[in-house]
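Enquirer: Need a 3D model of the sequence below.
(chains A, B and C)
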Amino acid sequence: MSVENPASDNDCESGKVNGNKSEHVNGIHNGYSSSDKHKSSHKSSSKDKHRDKDRDHKSSSKHSSSSRDKDRDKHSSSKNNSSSHKSSSKDKERSDKKEHSDREHSSKDKDRSEKEKHRSDKDKHRDKDRSDKERHKSSSDEKKSSSSKDKNREHKSSSKDKDHKSRDKDRDREKDKHRSDKDKYRSDKDRHSSSKDKHRSSKSKDKSNDEKNKYNSELQDIPSVKDEPMQIEDEKEIKHENLDESNDGYAAGVNTTASSCDYSLSQFKDEPLSELPLDDESEEEIPLSDRKSNKRRMASESEEDIPLLQRKKSKKKVKKESYDDYDDEEEEKPKVKKKKTEKTKPSKIKSEPEEDVSPTKRKKKQDDDQEVWKWWEEEKKDDGTKWKFLEHKGPVFAPAYEPLPPNVRFRYDGKEMRLSQDAEEVAGFYARMLDHDYTTKSIFNTNFFTDWRKVMTHEEAKIIKDLSKCDFKEMHAYFQAQSEKNRNKSKEEKAAIKAKNEEIQKEYGFCTIDGHKEKIGNFRIEPPGLFRGRGEHPKMGMLKKRVMPEDVLINCSKDGKVPKPPPGHKWKEVRHDNTVTWLASWTENVQGQAKYVMLNPSSKLKGEKDWQKYETARKLHKCIDKIRETYRADWKSKEMRVRQRAVALYFIDRLALRAGNEKDDDQADTVGCCSLRIEHIELHKEKDGKEFVVVFDFLGKDSIRYYNEVPVEKRVFKNLEIFMENKRDNDDLFDRLNTQTLNEHLKDLMPGLTAKVFRTYNASITLQRQLDELTDGDVSIPEKILAYNRANRAVAVLCNHQRAVPKGHSKSMEALKEKIQGKRDQVDEAEEDLRQATKAAKRGSVKEKLACDKKKKALERLKEQLKKLELQETDRDENKTIALGTSKLNYLDPRISVAWCKKHGVPIEKIYNKTQRDKFRWAIDMAGPDYVF
DNA sequence: CGGATGACTTGACAGAATTACG
DNA sequence: CGTAATTCTGTCAAGTCATCCG
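Expert: Residues are numbered from 1 along each chain as shown, chains lettered A, B, ... in the order given. As a prediction, this is how the structure comes out:
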């Protein structure tokens, strides 16, 4: 059957990054508003809680067999403990979602504590029937399209939730069975489908039809595919159609001119842009390592001298600026260059030439100088080694435990009880968190209690058997008082502490690597405490033990000084592995994962990697069209796994989803693209006037909810229908796909390509396009910055970078609104005044006319202010749940921002704060105003 | 191969430091 | 000039991806 596809508007909308983006915004907001339903307050009895616990335990027995044999955790009891929650994780997701939506809505909550109450209540109870009812009720309040969908979901779940307990168990059993079935099936299939799947029809390049919106596709229903390879009837026809539409979705992606590779030249940013050669396309493909000759050339060019004087000046200036040592990168660059110039030899020698400066100056300078190793101008060696020489002082350990003063008591069952030091310490961890949400969660409490009992003495353990009989209040109060005291310390005391910290920082915070002093990122070893997983983590509350030197591996040069362990201790091992970048590492006991001490992002090691990351993304830019063509073609593949791969790739590309590795059951249940399950998407042939809408609703990294309603192309939609056929809610959507195979495939498409490159690529390209689009050449700097933030926000929305609504947001919002109202009144007043004045002016004298003009001006000014305030209001509200930092730090090629700043005369520090400038020094230095991604 | 592991990047958030404001 | 609001920084959990290993 063939259908004229009327969805062309969908397509062109999503085709432009812009449209795409706004879609996201809508999606997300809709999603949030739909969650109003959760606001109704739930009360749950403690009985519910217990019952739940019981249930968890019961169902867990089923699972014990499936728990990983691997004994990461030597304590069998804790293992049981954790596995006891596995089975319930699915159920929890639902409550999790609730939690999220609540969070999203908190701004509306007049008061935070109320919200908190909600949360804890929710955690305690999973009495679905009741809560469903409530949700129904409140969901009727909600306006908006999303409501219908939500209601749908509710219905579904409520019916599902009948006979909750047994179903739970069943489900677990089924799941296990299912998994194994699937596995079997998978391997069968794989054996059968040995035929090569290189179906990358290298379709011809019909890129010219960019702006063509005709999407007159004819799609026939694809026969259901299960075990057998699919039959495609009309391959040819499909191909045509495919070609036609192939660019619709990505028109914007296509028409960016090939990016010129100016990074190698852009360090001459002080020169007029007109001189920036942009045509060195040829260099683009040259691997970094081969660029040496260019580098050389550049180096010699850069030797043009800059007068010494100038350098001094800039130094001084820098010094003046108390907080910002680089008031302007522009100043700094000459300095750096000069230094280099003097020496002719890049970097290395840098610090000597400055000896002539006064001590005060020196200090400032130091700060600057140690980072100005311009590694990016050196050639890069690409043997697997990360360093030749590495020397450091080892990590700093957490301070030893200080026992509580005797007047701070712990009580059990009302009776005062002196705890052994270890037990007291751990009790203290819990006491500190008493007013935190965590302590209302039963998993947290159970895990904590189990681990706590392990550190108790025999006698203590004999007595303390019930957490609810423990009274930590005095301890809690004590800790509060302590932090209060710290806050109120006198200036001198604070200064003393600060000085001490600086001392430590100076001694341990730096290492010497290949002749340069570089900052270490985290030289302090994590202190002991209670593990705080995110989302519904089965291990939350477990004791994270104190790390001892005997647990720590040290990595450094053979020929350097080996750091000394603290007196009376020794290192677990000292190794000299220059293929890795860490200085020290240890294994954390809760999850059994390695932790590392590594360098600061401003370091060469990190910066180089970062740069490389963006270069890979730029490379992707060059072949993205081809790749898109390929996966579009693959939607019609005969092979199931190719189709799945192609659809997944489409999601990753278009929605910037994460790859989605498989996870163990002892972690929070979150997913990414490859691990999406049936329950995470809904298909709507038609929704809100759009055709073929896929609704995503799942918890992603950090248990952050991803909600998005996306109109997709018909073929994708049909494929999804096929993928979902005959599957249960908790089956994988892409059952023939995992991240390894996906990445392998990507590697074939382009060397170095992996799933996450798409995220980087799409983020950066979105920023660039948004900047182009939103920046008006001749507006004030604040307005430009606003435009930048908007562009940044578009990216954050794309990547689903969310944050909790800031504390007091609603309050500050109200204040702002009040202010706006005030302004409005003023405007009205001024208008009235003006009217009077005009009247007066009409018949009146020069004087009155003048007055009238004045009034007019005043009015205009007021109006402007009002506009500004209103702008601020929307800005802040839009930003309420969106975090810009992550994308800025990890996804946006800094050179785009730098170029934008230079081009529009915006000082770089308006965009990047100090840390960020440190991290992106390479980009600030190398990108000229004409850099294009 | 496929699961485990190791090494890094990415991410939200809490608390400290600054800045804005009344 | 103290306090509230905002921004910065550090922390550490949670991802990604390559490689190792049986």
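Enquirer: can we go C-alpha only for contacts and neighbour counts from here?
Expert: OK.
Enquirer: Could you tell me which residues make contact with A:Ile765?
Expert: A:Phe933 (C-alpha atoms under 8 Å, 6 or more residues apart in numbering).
Enquirer: Please identify which helix or strand holds it.
Expert: Taking DSSP states H and E as the definition, one finds A:Ile765 inside helix A:755-774.
Enquirer: which parts of that helix are buried?
Expert: In terms of neighbour count (16 or more other C-alpha atoms under 10 Å), helix A:755-774 has its buried residues at A:755-771.
Enquirer: ok and the following helix or strand past that helix relative to helix A:755-774, angle-wise?
Expert: Later in the chain than helix A:755-774, the nearest helix or strand by DSSP H and E is helix A:781-798. Inter-element angle recorded for helix A:781-798 and helix A:755-774: 150 degrees (by axes from the mean of the first three to the mean of the last three C-alpha atoms, to 10 degrees).
Enquirer: ok, A:Phe410 to DNA strand B distance?
Expert: Shown here: A:Phe410 relative to DNA strand B, a distance of 22 Å by C-alpha to the nearest atom of the strand, to the nearest Å.
Enquirer: Identify the residues contacting that residue.
Expert: A:Phe410 makes contacts with A:416-419, A:470-475, as judged by C-alpha under 8 Å, 6+ apart.
Enquirer: Would you list the phi and psi of it?
Expert: A:Phe410 adopts backbone torsions of phi -110, psi 140, taken as degrees, to the nearest 10.
Enquirer: Quick check: bridge partners of it?
Expert: Beta bridges link A:Phe410 to A:Met417 when assigned by DSSP bridges.
Enquirer: tally of neighbours for A:Gly533?
Expert: Look at A:Gly533: counted by other C-alpha atoms under 10 Å, it has 18 neighbours.
Enquirer: ok, it - contacts?
Expert: So A:Gly533 contacts A:539-540, A:668 (C-alpha under 8 Å, 6+ apart).
Enquirer: top of those by neighbour count?
Expert: Top of the contacts of A:Gly533 by neighbour count (other C-alpha under 10 Å): A:Lys539, with 29 neighbours.
Enquirer: Tell me the secondary structure at it.
Expert: Taking DSSP: H, G, I helix; E, B strand; the rest coil as the rule, one finds A:Lys539 in the coil state.
Enquirer: That one and A:Val694, how far apart?
Expert: Noted for A:Lys539: a distance of 33 Å to A:Val694, by C-alpha to C-alpha, to the nearest Å.
Enquirer: returning to what we had before: mark which of the contacts of A:Phe410 are part of strands, please.
Expert: Mapping the contacts of A:Phe410 onto strands (DSSP state E) picks out A:416-417, A:470-471.
Enquirer: Just the buried subset of those, please.
Expert: Buried, going by 16+ other C-alpha under 10 Å: A:470-471, out of the ones in strands among the contacts of A:Phe410.
Enquirer: And DNA strand C, is the helix holding A:Ile765 touching that?
Expert: Yes: judged by C-alpha under 7 Å from any atom of the strand, helix A:755-774 and DNA strand C are in contact via A:755-757.
Enquirer: Include pLDDT when you put those into JSON lines, please.
Expert: Formatted as JSON lines, the residues of helix A:755-774 next to DNA strand C follow (pLDDT from 0 to 100):
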{"residue": "A:Ala755", "pLDDT": "96"}
{"residue": "A:Lys756", "pLDDT": "95"}
{"residue": "A:Val757", "pLDDT": "96"}
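Enquirer: any idea which of those is closest to A:Glu814?
Expert: Checking the residues of helix A:755-774 next to DNA strand C against A:Glu814 with C-alpha to C-alpha, the nearest one is A:Lys756 at 39.9 Å.
Enquirer: pretty sure the closest one is touching A:Gly660, no?
Expert: No: in terms of C-alpha atoms under 8 Å, A:Lys756 does not count as a neighbour of A:Gly660; the distance is 10.1 Å.
Enquirer: Roughly how far does A:Asn726 sit from A:Ala584?
Expert: According to C-alpha to C-alpha, A:Asn726 stands 50 Å off from A:Ala584.
Enquirer: ok, these two, which is more surrounded?
Expert: A direct count of neighbours by other C-alpha under 10 Å for A:Asn726 and A:Ala584 places A:Ala584 higher, at 22 against 10.
Enquirer: Hmm, that one is touching A:Val562, no?
Expert: No: counting by C-alpha under 8 Å, A:Ala584 does not reach A:Val562; the two are 11.7 Å apart.
Enquirer: Going along the chain, name the helices of the stretch 451-600 of chain A.
Expert: According to DSSP state H, counting those that start in this stretch, the stretch 451-600 of chain A carries its helices in the segments A:458-463, A:473-487, A:491-508.
Enquirer: Looking at those helices, which one is packed in the most?
Expert: Greatest average neighbour count among the helices of the stretch 451-600 of chain A goes to helix A:473-487 (a mean of 15), per mean count of other C-alpha atoms under 10 Å.
Enquirer: Could you list every helix and strand in contact with that one?
Expert: Counting by 3 or more C-alpha pairs under 8 Å, 6 or more residues apart in numbering; DSSP states H and E, the packing neighbours recorded for helix A:473-487 are strand A:410-412, helix A:421-432.
Enquirer: please redo it, this time with the cut-off set to 6 Å
Expert: On a contact count with 3 or more C-alpha pairs under 6 Å, 6 or more residues apart in numbering; DSSP states H and E, helix A:473-487 meets no helix or strand.
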